[in-house]
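Colleague: Give me a 3D structure for the following:
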Amino acid sequence: MLGSWVADEPDPQARVLFDAHSAHHGWHAELFAGRMPLVEGLDEDSLTSAPGVGAQRLFEVASLAETTLLRLSALSRVVLPRMITGYRLHLRRAAPVADAPLCRALQLALRDEVEAWQETEGLFEQLAHVPGDLSGEDRSEALSRHLGDLEAALSAEFPGFVPWPGADSG
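Modeller: Next up, the predicted model:
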């Protein structure tokens, strides 16, 4: 999603932010791919596919954001907080000895996502006062509607985006 925003993002700061965070997410995916659990009967494809209908809907709604503020709000107010929540949940559930390499990868990703969240929210707050974005519409109304749509997409989902393997997501 972030990589697709880079090409048509008019704000240079947001374009650089989306590009950098997209690269970080790619690196995190490589870290996690190298730490896939080897459990008899566990379908590896289930760990690399979309985690649920709500998460799919969330990314569909977020990807439709056409303005910088809507994109930044989706990222800083919905996507990144849930990624952070999910990573923390997985860290709490992991066995420190048996899952040490996974824990290290989660800690690295978690640190990156907290920094990304702070950076994204900072840019959102900076740009929220610049005229031009969301022209012709009340900003707070448009942002509230967009965030509401994103939250509605996830209303019945588990904490974070990815359920613990074998756990009930409800």
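
Colleague: and Gln126, what pLDDT?
Modeller: On pLDDT, Gln126 comes in at 90.

Colleague: residue nearest the centroid of this structure?
Modeller: Taking C-alpha atoms, centre = their mean, the centroid of the chain lies closest to Val79, which sits 3.6 Å from it.

Colleague: quick one, what contacts Val130?
Modeller: Residues near Val130 by C-beta atoms under 8 Å, 6 or more residues apart in numbering: none. Where C-beta positions appear, they are placed from N, C-alpha and C, glycine not excepted.

Colleague: That one and Arg104, how far apart?
Modeller: 40 Å (C-beta to C-beta, to the nearest Å).

Colleague: just Leu110 next, same as before
Modeller: Taken as C-beta to C-beta, the span from Leu110 to Arg104 is 11 Å.

Colleague: any idea of the pLDDT on the residue nearest to the centre of the chain?
Modeller: pLDDT, Val79: 88.

Colleague: Check the burial of the nearest residue to it once chain neighbours are set aside by counting its neighbours.
Modeller: Leaving aside its chain neighbours, Val79 sits nearest to Ala62 (6.4 Å; criterion: C-beta to C-beta, 6 or more residues apart in numbering). By other C-beta atoms under 10 Å, the residues close to Ala62 number 22.

Colleague: Correct me if wrong: Ala62 contacts Ser73.
Modeller: No: assessed by C-beta atoms under 8 Å, Ala62 is found out of contact with Ser73, at 9.5 Å.

Colleague: where exactly do the helices run in this structure?
Modeller: Secondary structure of the chain, counting by DSSP state H: helices at 2-8, 12-33, 45-48, 53-63, 68-74, 80-93, 100-127, 139-153.

Colleague: can you count the residues close to Ala14?
Modeller: Ala14 has 23 neighbours, counted by other C-beta under 10 Å.

Colleague: Spatially nearest residue to it (excluding sequence neighbours)?
Modeller: Leaving out its chain neighbours, the residue that sits closest to Ala14 by C-beta to C-beta, 6+ apart is Thr68, at 4.9 Å.

Colleague: for Leu70, same thing?
Modeller: His146 (5.0 Å).

Colleague: Also Glu121?
Modeller: Among residues not flanking Glu121 along the chain, Ser76 sits closest, at 4.1 Å (C-beta to C-beta, 6+ apart).

Colleague: next one: phi and psi at Pro97?
Modeller: If you look again at residue 97, you'll see it is Val, not Pro. phi -80, psi -50 (degrees, to the nearest 10).

Colleague: Just the pLDDT for it.
Modeller: Note on Val97: pLDDT of 91.
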